[in-house]
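[1] Provided below are the primary sequence and the corresponding predicted coordinates.
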Amino acid sequence: MAQTFHALADHGSAPARRRYAIDPLRAARGFRRLVADKEDTAQVFEIMSALSGRSIPHGYLRMLKSDEGGRQAYLAAEFARRLDDDAWLAGLPEGSVGATYRDFVAARGFSAEGLAQESRKVADVEIDAAHPNGWYARRLRDIHDVWHVLTGYGTDALGEACVVAFSYPQTRSAGFAFIAAGAALEFEKLRKGHPYGGAIWQAYQHGRRAAWLPAIDYEALFSEPLEAARARLRIASPTQYEAVPREARNGYRFDDDSSGDL
């Protein structure tokens, strides 16, 4: 109950209004930098900070309206600690969500702490605040690569665009919509005939139709067989993404004209 009170208490205050302000120009600058360098992950947090509005407090309050979401909010566990627990990950059964995640991040040199460090490069992000909204924001950050595994999208430029498109209806954060739409435009400039826009649009539709992922028990999920988890959570196969050749999924990064336009 105390957590609910604090989540509600700042909604009408002047500091809260400033914190939830939308800044499209800041987002546009961040997107130009992200187009120039897909690996500049800090720009994603820059864009999200500029455009997230009230999506974080609204998402947290939505968690409280379901039994499992309310339980997760009450526990307020920091799942990043589990994600970087090599011994725990090593003990998960082969073919499970957790084992697939373990192999996914190991192959790419990723870690939950590494993603957290990127988020801290944005000075005004309150993601580390000792507040329910801060906990919910950390939860969304920390499960980003889990959503890659669940959805089947890679970490190439198109895969990232698809994951953020999937994330928009799940989180209602305009930052995700902005990145997905911007990436779709950059890809379409290539005029290569691949279904780039179709892949991103399909990812958005899959996000709409899937179960609401922020509220689920991720520790239990990690022991579940991956295909069974996808079926239970109503996550469809990324057929449009898979129709794009692997070598073409990073295409816009090598387009000489792409980084200068927005």
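    On my side now, so go ahead.

[2] mind listing what's buried in the helix or strand encompassing Leu185?
    Under the criterion DSSP states H and E, the helix or strand holding Leu185 is helix 174-188. In terms of neighbour count (16 or more other C-beta atoms under 10 Å), helix 174-188 has its buried residues at 174-184, 186-187. Quick note: C-beta positions are derived from backbone N, CA and C, even for glycine.

[3] likewise for stretch 129-139?
    Neighbour-count burial for stretch 129-139 flags 131-139 (criterion: 16+ other C-beta under 10 Å).

[4] got it, and stretch 87-102?
    When neighbours are counted by 16+ other C-beta under 10 Å, the buried residues of stretch 87-102 are found to be 89, 92, 96-102.

[5] for those, give me a markdown table that also has distance to Ala215 and pLDDT.
    Conversion of the buried residues of stretch 87-102 to a markdown table gives the following (distance: C-beta to C-beta, whole Å; pLDDT from 0 to 100):
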| residue | distance to Ala215 | pLDDT |
| --- | --- | --- |
| Leu89 | 23 | 97 |
| Leu92 | 22 | 97 |
| Ser96 | 20 | 98 |
| Val97 | 16 | 98 |
| Gly98 | 19 | 98 |
| Ala99 | 23 | 98 |
| Thr100 | 21 | 98 |
| Tyr101 | 19 | 98 |
| Arg102 | 23 | 97 |
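
[6] touching, Lys121 and Ser49? I think so.
    No. Using C-beta atoms under 8 Å, Lys121 is not in contact with Ser49, being 10.7 Å away.

[7] out of the two, which sits in the busier spot?
    Residue environment comparison for Lys121 versus Ser49 gives the larger neighbour count to Ser49, 22 against 13, counting by other C-beta atoms under 10 Å.

[8] please report how far that one lies from Tyr136.
    For Ser49, the distance to Tyr136 under the criterion C-beta to C-beta, to the nearest Å works out to 15 Å.

[9] what of Trp147?
    Per C-beta to C-beta, Trp147 is found 15 Å from Tyr136.

[10] what's the answer for Ala42, then?
    Shown here: Ala42 relative to Tyr136, a distance of 21 Å by C-beta to C-beta.

[11] so which of the buried residues of stretch 129-139 are in helices?
    Under the assignment DSSP state H, these contribute 132-139 to helices.

[12] buried residues of the strand or helix carrying Glu118, list them for me.
    Secondary-structure element containing Glu118, defined by DSSP H and E: helix 112-119. For helix 112-119, the buried set under the neighbour-count rule, 16+ other C-beta under 10 Å, comprises 112, 115-116, 118-119.

[13] wait, a strand at Glu227?
    No. Using DSSP: H, G, I helix; E, B strand; the rest coil, the assignment for Glu227 is helix, not a strand.

[14] report the contact partners of it.
    Contacts here follow C-beta atoms under 8 Å, 6 or more residues apart in numbering; on that basis Glu227 touches nothing.

[15] hmm, back to that, mind listing which of the buried residues of stretch 87-102 are in strands?
    Helix and strand membership here follows DSSP state E; of these, not one is in strands.
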